[in-house]
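Undergrad: Prediction below, plus the sequence it came from.
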Amino acid sequence: MSQIPPAPPSLQELRKEIDAIDDGMHRLLMQRGDIIDRLIQVKQTQEVGSAFRPAREAAMMRDLVQRHRGILPLDTVESIWRVIISTFTYVQAPFSVHADISVSEPAMRDSARFHFGFTVPYVAHFSAQAAVEAVAKSKGDLALVSATSSRTPWWLSLEEKGAPKIIARMPFVERADHPAALPVFAISRVPDSALVTEVETFSVRVSGWNAEVARALSPLAEIVAVPDTAFDGAALLVSVTSATSIDKIRAALIEAGASVRSTALVGSHATRYTVPPTGAKS
C-alpha cells in the first residue's frame, strides 16, 4: 500500500515562518547596530575622518552577488544591502550626498536613493564642479557625478594632493533594466588603505585631440573628454583596467598624433559585475 503524501503546509504555517524570518532580520539589524555603537567608541580613540571603506564594501558586495540565489532580484538585494551599509556609515560619521543633477535630476536622485537611502541628506547641485567643490570643503561628504559625460573637466580639481578622489563607480551590479542605471562616480576622501584599485582613473591633458585620436583610445579604456580650445586639445578622464596601463594609454595617444601634457591619478574603483539578459553573473 502506497503511503499518502504529507499535506502541504497551510498558509497560516507559511506566514508564521515568514514572520519568524522577519523578526530574525530585525533582531540581526539591532545586533548590528549594537556592534556599530561599540565600533564608534573604538574609532573615537583610534581613527578619525571619513567612514567610507570602498575596498571592504566591494569585497562584501562580491560575496553577496556570488551567494545570491532565488526569485528575489539581485538589484533588490544590492539596494537593501547598500542602504543598510550607508545608513550605518552615516551613524558612524554623518555625511551628505552632493549630486550633480545637470545630466538628469530624476536619474541622479534614483541613484542616490538606491545606494544611500533616505536617511543620508541629499543635496542637489547644477554642475559636477559644484558637487565636487562642496565635498572638497567638507569633512567627509560624498559627491555623485556622471561617469560617462561632462560639460566641464571637474576631475582636474582632484589632481592636487589631499583633494577628494574617485572611490567608486555605481551601480556595482549592471543590467539592462537596472532601476538605478545611471553610471556615476562617487567622490570623497578616504584613507589610501581603504581604496580598491582594480580600475584606476587618471586625469590626462592632451594637445592635438581629434576624432581619430578618440577612436584610437576607445578600445583601450573608458574615456570622458572635454575639449580645451586654448590648447587645441582636451582634458580626459581615463579609466584604466588591469588589462592595460596608463603607459599604454600614453603611447596610444602619441602614436595617434596627440601630445600628452600631463597625467595624474585621481582615483580608483572596483571592477563591476555585469548581468546579461540571461541572468547569469559575470
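TA: That came through, no problem.

Undergrad: Going along the chain, name the helices of the protein.
TA: 11-46, 54-67, 74-92, 105-116, 128-137, 211-217, 246-255 (DSSP state H).

Undergrad: Out of these, which is closest to residue 145?
TA: helix 128-137 (4.1 Å; Cβ to Cβ). All C-beta spots, glycine's among them, are computed from the backbone N, C-alpha and C.

Undergrad: Pull the residues that contact that closest one.
TA: The contact list for helix 128-137, computed with Cβ atoms under 8 Å, 6 or more residues apart in numbering, reads 98-100, 102, 123, 125, 141-146, 150-152, 154, 157-158, 163-164, 187-189.

Undergrad: Make a PyMOL selection of whichever of those turn out to be buried.
TA: For the buried members of these, the matching PyMOL selection, counting by 16 or more other Cβ atoms under 10 Å, is:
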select buried, resi 98+99+100+102+125+141+142+143+144+145+146+150+154+157+158+163+164+187+188+189
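
Undergrad: quick one: which of the contacts of helix 128-137 sit in strands?
TA: Judged by DSSP state E, the subset of the contacts of helix 128-137 located in strands is 98, 99, 100, 123, 125, 142, 143, 144, 145, 146, 187, 188.

Undergrad: Identify the bridge partners of the fourth one.
TA: Here residue 123 sits in beta bridges with residue 98, going by DSSP bridges.

Undergrad: isn't it right up against residue 100?
TA: No. Assessed by Cβ atoms under 8 Å, residue 123 is found out of contact with residue 100, at 10.5 Å.

Undergrad: Can you report how many residues neighbour residue 96?
TA: By other Cβ atoms under 10 Å, 18 other residues sit near residue 96.

Undergrad: For it, give me its contacts.
TA: By Cβ under 8 Å, 6+ apart, the contact list for residue 96 reads 120, 121, 122, 123, 138, 141, 142.

Undergrad: Can you check the pLDDT for residue 176?
TA: Listed pLDDT for residue 176 reads 76.

Undergrad: The lowest-mean-pLDDT helix or strand in the chain - which strands sit beside it in the sheet, and in what orientation?
TA: When the helices and strands of the chain are scored by mean pLDDT, DSSP states H and E, strand 273-274 comes last with a mean of 79. Under the criterion DSSP bridges, strand 273-274 sits next to strand 173-174 (parallel) in its sheet.

Undergrad: Could you pull up the mean pLDDT of the strand ranked longest in the chain?
TA: Ordering each strand of the chain by length in residues (DSSP E) puts strand 259-269 first. Averaged across strand 259-269, pLDDT comes to 94.
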